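Visitor: I need the structure of the sequence given here:
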Amino acid sequence: MMFNISKVIQRVAKLLRRKPESADSQEAFLGTDGDTSRMLQLLEGLPGGLVTVNAQWIITHWNAGVEKLTGVNRAQVTGRPLHSMLPGLLPTSAYTQLRSALISQQRTRFEVFWDKRSTCWRIEAIPFHSGLVLWIEDISELRHAREQKENITYYDPLTGLGNALLLRKHVEQQLQVQSTKRYSSGPSERTSSVISDPTTSPLHALLLLDLDYTDEVLQLSGYEARGTLMNRAAQRLRQQMTDHDALYRYDEKTLAMLISRPDDVQMKCAIHHILQWLEAPFVLQDEKKTVQVAAGHSLVTPAVRRPDDLLLEAYIALKRARTSGRNTSPTLAFGFSSSSGSTVAAKSKDWLHQQSSVLLLKELKHAKARGELSLHYQPQVDAQTGCITGNEALLRWHNPVLGHVSPGDFIPLAEESGLIVAIGYWVLRTACIQNKRWQEETGLDSMRIAVNVSPRQLHEPGYVSMVRKVLEESGLEPQALELEITEGMTLDVARTLPILQELRTLGVRIAIDDFGKGYNSMRYLQQLPIDTLKIDRSFIQHCASNTKDAALVRMIISVGQELGLRVLAEGVEEQEQMSLLLLHGCTQAQGYLFSRPVPAAEWSSTLSTLQASLEPFQSTGGQSIM
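Guide: Model (predicted):
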């Protein structure tokens, strides 16, 4: 039970026939030594801690309630200065507030925490002419009950995310911040730890993400599957979030985000990447399921006055997205007329991609200098012998504003802008140095490194000289480097053939990547100095279940074998796929069945897992990876 100590003192004064009529008379009453002594006797039995200190901070009273709270006997503290006890009893901030109460002669009340916030005291300080009366209560149970009630009220039990009520509360707080900023010349106070100050993040939006899993997912396991999906989606979204963003579960199949970005371009770019991350398949009960996503968002503008306005506009935009097609994000900012709103709402993800390209290119120009680029390596294996034959170096970009940017988004921009030349040099040099280090550590001198080469790089003047320089600097033997060109590049034989011949003379191996995607390059294979054919993953994906894909895979393997080329299948994810490839004589592969692309630091630790994935395919007496 909690007490208003000020009212209790007034009642005690009334019992003593000296009821104070004002704060001043109350302090006068407390200042009378005889009455103060009688008052303390009457208050002694209250279930709380009562402490009095004089103007010199000397403790003059320490009741049994404080002894119980602190475990400190009154004989140990009476007559000692209060501040000497503070390091062991109260935090420094509490001492500061008590001192302020004494100086200002204003009553104050605050809470302090103990034992990693498991214990909470409420302290009320009432000043009088010779010091302070302190009333201390243990409110730990009350606070715990309050927090439990708040969790039940504001959080989704399945995902742990804030629910629609918490979202509405935070939207209301954000609108208050915006309103204060509009009408007050002074700085506005932050009203929530999850909503950022608009001076640092001036543009705010509410994004609703509808996950459509009404068919396959619900048939799996209903409520449990929905919770799993929501948790997986939330994990992905957190990787795109900044410190200024917040994530909620709005309803059974809708997530909500409050997003803060510096400007409109970055806001659109963020939404584009959020949709991209949700497009990738989710693994549910060992099955890959693609979930259709619709998104609608509304901007926090000066015209928005109520949380319901913002929520309604986002919902309308979401509804239009459902109608116009999933994986789009129509925007309906509050205050637009219905005609202009319809125009904005019709904008598709292609439009968002076009707008975000400006920001992508701007950030990409500085990505290498800022250390945002990295390489991941995916092992290439011989499934029959159990040997690792090489690794493919894959470029990754993580930007603090944009998050993880897909190579499919930034590599074409790098190619168009010419940035690919400098980036490509960094990739080649880094990959060659790393492969040389692995050769020395593992003793696998024949282990190759595969590096992708774009048309812009290959046709850049001095490209062969650059490759020669990198090999010399890294100490890597030329035959340990395999440069991968796309099938489309082989069609321009007049430009490509001389360069490939120079590289072959140097000793570098050449591979055609994504072979079979549709270009008529079959007739050029004999003319080009090719060492490896990489079967495109689109054929591998269904080769175990689709007879046409299986026939195409068999044909490519046969062509490669007839020409004396190494044939490697990429994108192998299932044992059935690898078994089919082995049946037709293709032993070399890469894909998630063996290993995902990993950073260099994780490469060594994946070898044991890689060995286990190869065991079902190894022939008797086959060698191990190491």
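
Visitor: Give the full set of residues in contact with Val508.
Guide: When contacts are counted by Cβ atoms under 8 Å, 6 or more residues apart in numbering, Val508 touches Val467, Leu471, Pro478, Gln479, Leu481, Glu482, Leu483. Every C-beta, even on glycine, is put in place using the N, C-alpha and C of the backbone.

Visitor: quick one, what contacts the fifth one?
Guide: What that stands for is Leu481. Applying Cβ under 8 Å, 6+ apart, one finds that Leu481 lies in contact with Cys432, Asn435, Arg448, Ile449, Val451, Val467, Leu471, Val508, Arg509.

Visitor: With the last one instead?
Guide: Residues touching Leu483, when contacts are defined by Cβ under 8 Å, 6+ apart, comprise Ala450, Val451, Asn452, Val453, Val467, Leu503, Val508, Arg509, Ile510, Ala511.

Visitor: which non-adjacent residue is nearest it?
Guide: Leaving aside its chain neighbours, Leu483 sits nearest to Val453 (4.9 Å; criterion: Cβ to Cβ, 6 or more residues apart in numbering).

Visitor: Please look at the one you found and Ile423 and confirm they touch.
Guide: No - Val453 is beyond contact range of Ile423, at 11.9 Å (criterion: Cβ atoms under 8 Å).

Visitor: higher neighbour count, those two?
Guide: The neighbour count for Val453 versus Ile423, taken as other Cβ atoms under 10 Å, is higher for Val453 (25 against 22).

Visitor: tell me the contacts of the more buried one?
Guide: Residues near Val453 by Cβ under 8 Å, 6+ apart: Gly424, Leu483, Glu484, Ile485.

Visitor: Those residues into a markdown table, with extra columns for distance to Leu90, secondary structure and pLDDT?
Guide: Formatted as a markdown table, these follow (distance: Cβ to Cβ, whole Å; DSSP: H, G, I helix; E, B strand; the rest coil; pLDDT from 0 to 100):
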| residue | distance to Leu90 | secondary structure | pLDDT |
| --- | --- | --- | --- |
| Gly424 | 62 | helix | 96 |
| Leu483 | 69 | strand | 97 |
| Glu484 | 67 | strand | 95 |
| Ile485 | 71 | strand | 92 |
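
Visitor: what's the closest of those residues to Ser298?
Guide: Nearest to Ser298 among those is Gly424, at 41.7 Å by Cβ to Cβ.

Visitor: Contacts only, for the closest one.
Guide: By Cβ under 8 Å, 6+ apart, the neighbours of Gly424 are Val453, Ser454, Gln457.

Visitor: hang on, the earlier thing: can the contacts of Val453 go into CSV with extra columns for distance to Asp308?
Guide: Output for these, formatted as CSV (distance: Cβ to Cβ, whole Å):
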residue, distance to Asp308
Gly424, 52
Leu483, 59
Glu484, 55
Ile485, 57
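
Visitor: hang on, the earlier thing: which one of the contacts of Leu483 has the most neighbours?
Guide: Compared across the contacts of Leu483, Val451 has the highest neighbour count, 28 neighbours, by other Cβ under 10 Å.

Visitor: out of the contacts of Leu483, who's nearest Leu166?
Guide: Ranked by distance to Leu166 (Cβ to Cβ), the contacts of Leu483 are led by Asn452 at 45.6 Å.

Visitor: Just give the nearest non-adjacent residue to that closest one, would you?
Guide: Glu484 (4.8 Å).

Visitor: you'd agree Gln527 is up against Leu497?
Guide: Yes - assessed by Cβ under 8 Å, Gln527 is found in contact with Leu497 at 6.6 Å.

Visitor: Looking at the two, which is more packed in?
Guide: Neighbour count, other Cβ under 10 Å: between Gln527 and Leu497, Leu497 has more, with 15 against 12.

Visitor: just the CA coordinates of whichever strand or helix holds that one, formatted as CSV?
Guide: Here Leu497, judged by DSSP states H and E, is contained in helix 493-506. C-alpha atoms of helix 493-506 as CSV (Å, rounded to 0.1, in the frame of the first residue of the first chain):
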residue,chain,number,x,y,z
VAL,A,493,33.9,-12.8,-80.7
ALA,A,494,35.8,-10.1,-82.5
ARG,A,495,36.3,-8.1,-79.3
THR,A,496,36.4,-10.9,-76.8
LEU,A,497,38.6,-13.5,-78.4
PRO,A,498,41.9,-11.6,-78.4
ILE,A,499,41.6,-10.7,-74.7
LEU,A,500,40.7,-14.3,-73.8
GLN,A,501,43.7,-15.6,-75.8
GLU,A,502,46.0,-13.2,-73.9
LEU,A,503,44.7,-14.4,-70.6
ARG,A,504,45.0,-18.0,-71.6
THR,A,505,48.6,-17.4,-72.7
LEU,A,506,49.2,-15.9,-69.3
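
Visitor: what's the closest non-adjacent residue to Leu209?
Guide: Per Cβ to Cβ, 6+ apart, closest to Leu209 is Leu255, 4.5 Å.

Visitor: Tell me if I am right that that neighbour is in a helix.
Guide: No - Leu255 sits outside any helix when classified using DSSP: H, G, I helix; E, B strand; the rest coil, being strand.

Visitor: Report the beta-bridge partners for it.
Guide: Leu209, Arg249 (DSSP bridges).

Visitor: pretty sure it is touching Met230, no?
Guide: Yes - contact criterion Cβ under 8 Å: Leu255 and Met230 qualify, at 7.1 Å.

Visitor: Show me whatever sits in contact with both of these two.
Guide: With Cβ under 8 Å, 6+ apart as the test, Leu255 and Met230 both reach Leu161, Leu211, Arg249.

Visitor: which residue ranges form the helices in the stretch 501-626 of the chain?
Guide: For the stretch 501-626 of the chain, the helices defined by DSSP state H, counting those that start in this stretch cover 537-540, 547-562, 575-583, 600-603, 607-614.

Visitor: ok, and what's touching the third one?
Guide: So that's helix 575-583. With Cβ under 8 Å, 6+ apart as the test, helix 575-583 has contacts from 383-384, 540, 543-544, 550, 553, 557, 569, 572, 587, 589, 593, 616-617.

Visitor: So which of these belong to strands?
Guide: Ala569, Ala589 (DSSP state E).

Visitor: So which of the contacts of Val508 are in strands?
Guide: Judged by DSSP E, the contacts of Val508 include Leu481, Glu482, Leu483 as members of strands.

Visitor: so what pLDDT did the second one get?
Guide: When you say that, I think you mean Glu482. pLDDT for Glu482: 97.

Visitor: I'd say it and Asp513 touch.
Guide: No - counting by Cβ under 8 Å, Glu482 sits too far from Asp513 to count as a contact (10.2 Å).

Visitor: quick revisit: now the contacts of Leu483 as TSV including pLDDT and distance to Leu207?
Guide: Formatted as TSV, the contacts of Leu483 follow (pLDDT from 0 to 100; distance: Cβ to Cβ, whole Å):
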residue	pLDDT	distance to Leu207
Ala450	97	39
Val451	97	38
Asn452	96	34
Val453	95	39
Val467	97	45
Leu503	96	48
Val508	97	48
Arg509	97	47
Ile510	95	46
Ala511	94	42
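
Visitor: which of these lies closest to Leu413?
Guide: In terms of Cβ to Cβ, no member of those lies closer to Leu413 than Asn452, at 15.6 Å.
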